[in-house]
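J.: sequence-free structure coming up:
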């Protein structure tokens, strides 16, 4: 797998769009991440807290680490000092814990609210009703050490491309709907994280601002 070539390919594809690449480095060794870093990549995504905390001290300080996997409240404090963006906030309870840890460190931690858009039991996330209720409740406005920067969604893992496109389109519609609402200063619909190795092109066409690519860069695990 030519990591440098793959990074160049994606960077080239994304420059014409308002979209950035999150290189998903989960389960890949530090050497491979360093290769991608040397090719100019700065945003890396990990889905396990333990693995992220082990890799972070071994790599350059200017890396933006994104946590893209399911996050348990008791693990927040481990990544709070350095994480650049948490993609997978799926409850107010988790948001409160991130706020608590951010406050201790005197930093505002950027987050995305994860929306359940897939036709699969195994995915996490808020449904549209829960999401709108949370945003309108005023609860987020009371948190001063988190910044909700947008939404994240994972399409169904299926060969039915039209289904996935409709899921992405639905998420973008919801993103736009929230953008038209009166939002507290702690909420800003700026990032829309959707699209992975198998469906990123569709996600970009439907308005993604962050694509999470692992296999197509680093090869299979």
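T.: Structure's in. What do you need? These figures come from a predicted structure and were not determined experimentally. Numbers count the residues shown, from 1 in each chain.

J.: rest of the way, CA atoms for contacts and neighbours
T.: Noted.

J.: for the helix or strand where residue 33 lies, buried residues please.
T.: Secondary structure assignment for residue 33, by DSSP states H and E: helix 30-38. The neighbour-count check on helix 30-38 (16 or more other Cα atoms under 10 Å) flags 33-37 as buried.

J.: helices and strands around that helix, which ones?
T.: Packing partners of helix 30-38 (3 or more Cα pairs under 8 Å, 6 or more residues apart in numbering; DSSP states H and E): helix 3-15.

J.: show the pLDDT at the most centrally placed residue in the chain.
T.: Most central residue of the chain, judged by C-alpha distance to the mean C-alpha position with Cα atoms, centre = their mean, is residue 87 at 3.1 Å. The model reports residue 87 with a pLDDT of 98.

J.: which helices and strands sit right next to the one helix or strand it maps to?
T.: Using DSSP H and E, the element containing residue 87 is strand 85-89. Contacts of strand 85-89 with other secondary structure elements, assessed using 3+ Cα pairs under 8 Å, 6+ apart, are made with strand 64-67, strand 109-115, strand 146-153.

J.: redo that, cut-off 6 Å
T.: Taking 3 or more Cα pairs under 6 Å, 6 or more residues apart in numbering; DSSP states H and E as contact, the helices and strands that strand 85-89 lies on are strand 64-67, strand 109-115.

J.: note down every partner strand of the first one and its orientation.
T.: Read it as strand 64-67. Strands adjacent to strand 64-67 in the sheet, as given by DSSP bridges, are strand 43-46 (parallel), strand 85-89 (parallel).

J.: which helix is the longest one in the chain?
T.: Longest helix in the chain by number of residues (criterion: DSSP state H): helix 161-179.

J.: residues of the next helix or strand after that helix that come out buried?
T.: Once helix 161-179 ends, the next helix or strand along the chain (criterion: DSSP H and E) is strand 187-193. Across strand 187-193, burial judged by 16+ other Cα under 10 Å covers 187-189, 191-193.

J.: pLDDT value on residue 169, please?
T.: We note a pLDDT of 97 for residue 169 in this prediction.

J.: sorry, back to before: the strands paired with strand 64-67: which one's closest to residue 128?
T.: The minimum distance between residue 128 and these falls on strand 85-89, with 14.1 Å, by Cα to Cα.

J.: contacts for that closest one, please.
T.: Contact with strand 85-89 is made by 66-68, 70, 110-114, as judged by Cα atoms under 6 Å, 6 or more residues apart in numbering.

J.: picking that back up, mean confidence score for the helix holding residue 33?
T.: 97.

J.: just the angle between that helix and helix 3-15, please?
T.: For helix 30-38 against helix 3-15, the angle by axes from the mean of the first three to the mean of the last three Cα atoms, to 10 degrees is 40 degrees.

J.: what stretches of the chain score poorly on pLDDT?
T.: Applying pLDDT under 70 to the chain flags the ranges 15-17, 122-123.
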